[in-house]
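Chemist: got a predicted structure plus its sequence, pasted below:
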Amino acid sequence: MPEPLVLNPADTVAILTERGIAPAGHKIARVDIAPGAAVTKYGQTIGYATESIAAGDHVHGHNCAFGEHGRDYRPGAGLAAAQAALERHRGPALVFDGYHRAGGQVGTRNFIALVATVNCSATVIRRAAEELRIEGALVPYPNIDGVVAFAHGTGCGMADTGPGWIALQRVLTGHAGHPNVGAALFVGLGCEVMQIARMKGELGQAARFHGLTIQDNGGTRATIEAIKARVRAMLPQVNDIRRAPAPASALKIGLQCGGSDGFSGITANPALGVACDMLATQGASVVLSETPEIYGAERLLLDRAASPAIAEKLLERLRWWEDYAARNGASLDNNPSPGNKAGGLTTILEKSLGAVAKAGATPLNAVLDYAEPITAPGLNFMDTPGYDPVSATGQIAGGAQLIVFTTGRGSAFGSKPAPTIKLATNDALFAAMSDDMDLNCGDILSRGVPLESKAREIVDLILATASGRATRSEDLGLGDHEFVPWQIGAVV
């Protein structure tokens, strides 16, 4: 059996790379650990021993628990090193073939979007999209990737101001005005809080955005027919576009991890982090999110915050989450999930340290509210829940044209209008779910593939996908049900 993997000389645990006294990805003690003593991995505290642990013992939830993590924050202390990382990865200009939109946006796909302003119009947009597919309406239009229905369960019974309204408004307008959308049709009931006129006013590009309501069109069946007629009228113009070269600086990429395991922070996440550094040097934007899943590792981001204001905004969001969890009788250590724990992750501190690796090593240039437009090049952080569909919905609303999603346990996730690229953290998963995985990162351990080499593979895959190569999730038809706006605030 191979020697367990030691990530840092100061670590008190090592990682099993094959099944031994525990499954692969789990931890064993390198030394005797006394009750109450810190358990360390990545050179950082990931928990505390709840009983005596002998060298060689399995270390997991039965003898290791969440506890207070270090808060000796030094915002900007690592900024010089982060800027050096940016310089280290500079290389030749990278390009992809995308759809150039008015205003300078560049799309990686070309969809027509049907956007429900309220749950009452969810059925009509879904039915219209399905009937258009069955009728073969898009067959003569090869440059259109599909008609996608963005349906949700809110839009009324809510305040017409405040965080909840702002978040939903950003999500709906962000999807309608997304660079991967050639034209959009807002569909409402007519009497809801989230009014179409107000939405179109926020967008300010009347030629590209249309709207109708069920009440004005005479009911459900009449509205379905009206939607189909509008879409058929849009098809020739939306189809009249061709891909053309665009610089990598036009890319905005959302970073996700789901079904993480003990290898996530060792293979796929750090490889994606290096790929993000390579893209950041090109002026692309990469967007880390899932605030509850950086908890305990926030210092690694604060150290490279580009300004004190950026650091303070990240800290404010973390304080909000601590309060939010406490008010609802929860702890941020409710995460990891059962699947994460089966994969070897014991506490949120351990999971977060692995999750932050996706962000690479370059400066943190912006902290964004949920679904806020992404404008800063390089590394951004967006405040979102850890629930993948809600988080990715926010990133896409902010303008991300691609999502890169690492997984160790396996994921059947997809997204529209921005496609999802899935990276497997281990060989076993890649073999077991080959139809769902776009790239295997398990060979970083099994075959000694260097992180830099794997990062270049990831960058090449991102550029190919941005240029039109279909992802596994697209081939499987995933993405129609992963549009989940974050519902913040009171339901009234």
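Modeler: Received it, and whenever you're ready, just let me know what you need.

Chemist: going by C-alpha atoms from here, please, whenever you check contacts or count neighbours.
Modeler: OK.

Chemist: just checking, residue 214 touches residue 226?
Modeler: No - here residue 214 does not reach residue 226: they are 9.5 Å apart, not a contact under CA atoms under 8 Å.

Chemist: compare these two (neighbour count), which wins?
Modeler: More crowded of residue 214 and residue 226, by other CA atoms under 10 Å: residue 214, with 21 against 17.

Chemist: the more buried one: what's it in contact with?
Modeler: Shown in contact with residue 214 (CA atoms under 8 Å, 6 or more residues apart in numbering): 121, 187-190, 220, 222-223.

Chemist: select from those the one having the most neighbours.
Modeler: Neighbour max across these (other CA under 10 Å) = residue 188, 28 neighbours.

Chemist: so what's the residue sitting nearest the centre point of the chain up against?
Modeler: The centroid of the chain falls nearest to residue 256 when counting by CA atoms, centre = their mean (3.5 Å). Residues near residue 256 by CA under 8 Å, 6+ apart: 288-289, 388, 392, 403-406.

Chemist: please apply the same query to residue 344.
Modeler: Per CA under 8 Å, 6+ apart, neighbours of residue 344: 23-27, 60, 261-262.

Chemist: repeat that for 6 Å
Modeler: 25-26, 261-262 (CA atoms under 6 Å, 6 or more residues apart in numbering).

Chemist: reformat those into CSV and put pLDDT, secondary structure and distance to residue 321 next to each item.
Modeler: What follows is these, written out as CSV (pLDDT from 0 to 100; DSSP: H, G, I helix; E, B strand; the rest coil; distance: CA to CA, whole Å):
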residue, pLDDT, secondary structure, distance to residue 321
25, 96, coil, 29
26, 97, coil, 28
261, 94, coil, 24
262, 95, coil, 25
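
Chemist: for stretch 43-56, buried residues please.
Modeler: For stretch 43-56, the neighbour count (16 or more other CA atoms under 10 Å) marks 44-50, 53 as buried.

Chemist: tell me, how many residues neighbour residue 428?
Modeler: Should you count by other CA under 10 Å, residue 428 turns out to have 14 residues around it.

Chemist: try residue 139
Modeler: 11.

Chemist: send the alpha carbons of stretch 476-483 over as CSV?
Modeler: Provided in CSV are the C-alpha atoms of stretch 476-483 (Å, rounded to 0.1, in the frame of the first residue of the first chain):
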residue,chain,number,x,y,z
LEU,A,476,-26.9,15.1,-21.2
GLY,A,477,-29.4,18.0,-21.3
LEU,A,478,-28.8,19.3,-17.8
GLY,A,479,-29.3,22.9,-16.8
ASP,A,480,-33.1,23.5,-17.2
HIS,A,481,-33.8,23.0,-13.5
GLU,A,482,-30.7,24.5,-11.8
PHE,A,483,-31.9,28.1,-12.1
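
Chemist: buried ones in the strand or helix carrying residue 200, by neighbour count?
Modeler: Element membership for residue 200 (DSSP states H and E) is helix 196-203. For helix 196-203, the buried set under the neighbour-count rule, 16+ other CA under 10 Å, comprises 196, 199-200.

Chemist: mind listing the strands for the stretch 351-492 of the chain?
Modeler: For the stretch 351-492 of the chain, strands defined by DSSP state E, counting those that start in this stretch occupy the ranges 364-368, 378-382, 402-407, 420-424, 439-440.

Chemist: a markdown table for the ones you listed, including mean pLDDT, distance to residue 315 and mean neighbour count?
Modeler: Shown next, in a markdown table, are the strands of the stretch 351-492 of the chain (pLDDT from 0 to 100; distance: least, CA to CA, whole Å; neighbours: other CA atoms under 10 Å):
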| stretch | mean pLDDT | distance to residue 315 | mean neighbour count |
| --- | --- | --- | --- |
| strand 364-368 | 98 | 10 | 24 |
| strand 378-382 | 98 | 12 | 26 |
| strand 402-407 | 98 | 25 | 27 |
| strand 420-424 | 98 | 29 | 30 |
| strand 439-440 | 98 | 34 | 22 |
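
Chemist: how about the ones you listed, which one is nearest residue 32?
Modeler: Closest of those to residue 32 is strand 402-407, at 31.8 Å (criterion: CA to CA).

Chemist: run the chain-centre distance for the closest one.
Modeler: Here strand 402-407 is found 6 Å from its chain centre; the criterion is CA atoms, centre = their mean, to the nearest Å.

Chemist: could you do stretch 137-148 as well?
Modeler: Worked out by CA atoms, centre = their mean, stretch 137-148 lies 26 Å from the chain centre.

Chemist: which positions in that stretch come out as buried?
Modeler: Quick answer for stretch 137-148 (16+ other CA under 10 Å): 137-138, 143-148.

Chemist: those residues into a markdown table, with extra columns for pLDDT?
Modeler: Putting the buried residues of stretch 137-148 into a markdown table (pLDDT from 0 to 100) gives the following:
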| residue | pLDDT |
| --- | --- |
| 137 | 98 |
| 138 | 97 |
| 143 | 97 |
| 144 | 98 |
| 145 | 98 |
| 146 | 98 |
| 147 | 98 |
| 148 | 98 |
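
Chemist: surely residue 424 is in contact with residue 407?
Modeler: Yes - counting by CA atoms under 6 Å, residue 407 is a contact partner of residue 424 at 5.3 Å.

Chemist: sec struct for residue 166, please.
Modeler: Secondary structure, DSSP: H, G, I helix; E, B strand; the rest coil: residue 166 is helix.

Chemist: neighbours of it, how many?
Modeler: 16.

Chemist: tell me how far it lies from residue 59.
Modeler: 44 Å (CA to CA, to the nearest Å).

Chemist: please report how far the closest residue to residue 389 other than its chain neighbours lies from residue 222.
Modeler: Distances taken as CA to CA, 6 or more residues apart in numbering put residue 482 closest to residue 389, at 5.2 Å, once the chain neighbours are dropped. Distance of residue 482 to residue 222, computed by CA to CA: 27 Å.
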